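Student: let's see this in three dimensions:
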Amino acid sequence: MGQTLADDIDEMLASVQEQVEDSELTFKLRTARQLVMVYDERLREHGKSLHEETLDSEALENLRRLGYID
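Tutor: Residues are numbered from 1 along each chain as shown. Sure thing, here's the model as predicted:
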C-alpha cells in the first residue's frame with residue numbers, strides 16, 4: 001500500500017512543526033497531526049465496514065471514485 005493523503009498531510013505538518021519555535025504553535029501542530037491520523041483511521045474502519053457484496057455496482061463505483069474504498 002502506498003502513502004495515503006493523511007501521511008502526506010502529516011509530513012507537511014511535521015516539517016512545519018520542526019521549524020516552529022513557539023510552544024503553543026507546536027502544540028497546535030502536533031494536535032492537528034494526531035487528529036488527521038485519527039480521522040484517517042476512522043475512515044479506514046468505515047471502509048472496512050462496507051460490505052461490498054450488498055452494494056450494487058453503481059454504488060461501489062461511486063464510492064471508489066470518491067476515494068472511500070479501493
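Student: just the buried residues of the helix or strand containing Lys28, please?
Tutor: Using DSSP states H and E, Lys28 sits within helix 23-49. Counting neighbours by 16 or more other C-beta atoms under 10 Å, one finds that the buried residues in helix 23-49 are Leu29, Arg33, Val36, Asp40. (Each C-beta comes from the backbone N, C-alpha and C, glycine too.)
Student: next, the angle helix 23-49 makes with the very next helix or strand once past that helix.
Tutor: Downstream of helix 23-49, the first helix or strand assigned by DSSP H and E is helix 57-65. Put simply, helix 57-65 runs at 160 degrees to helix 23-49, going by axes from the mean of the first three to the mean of the last three C-alpha atoms, to 10 degrees.
Student: which neighbouring elements make contact with helix 57-65?
Tutor: If you count contacts as 3 or more C-beta pairs under 8 Å, 6 or more residues apart in numbering; DSSP states H and E, helix 57-65 packs onto no helix or strand.
Student: dump it to PDB, restricted to CA.
Tutor: Coordinates of each C-alpha in helix 57-65 appear next as PDB, following Å, rounded to 0.1, in the frame of the first residue of the first chain:
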ATOM      1  CA  SER A  57     -22.100  -1.900  -8.900                       C
ATOM      2  CA  GLU A  58     -23.100   1.800  -9.400                       C
ATOM      3  CA  ALA A  59     -22.800   2.500  -5.700                       C
ATOM      4  CA  LEU A  60     -19.500   0.700  -5.500                       C
ATOM      5  CA  GLU A  61     -18.100   2.700  -8.400                       C
ATOM      6  CA  ASN A  62     -19.300   6.000  -6.800                       C
ATOM      7  CA  LEU A  63     -17.500   5.100  -3.600                       C
ATOM      8  CA  ARG A  64     -14.400   4.200  -5.400                       C
ATOM      9  CA  ARG A  65     -14.500   7.400  -7.500                       C
END
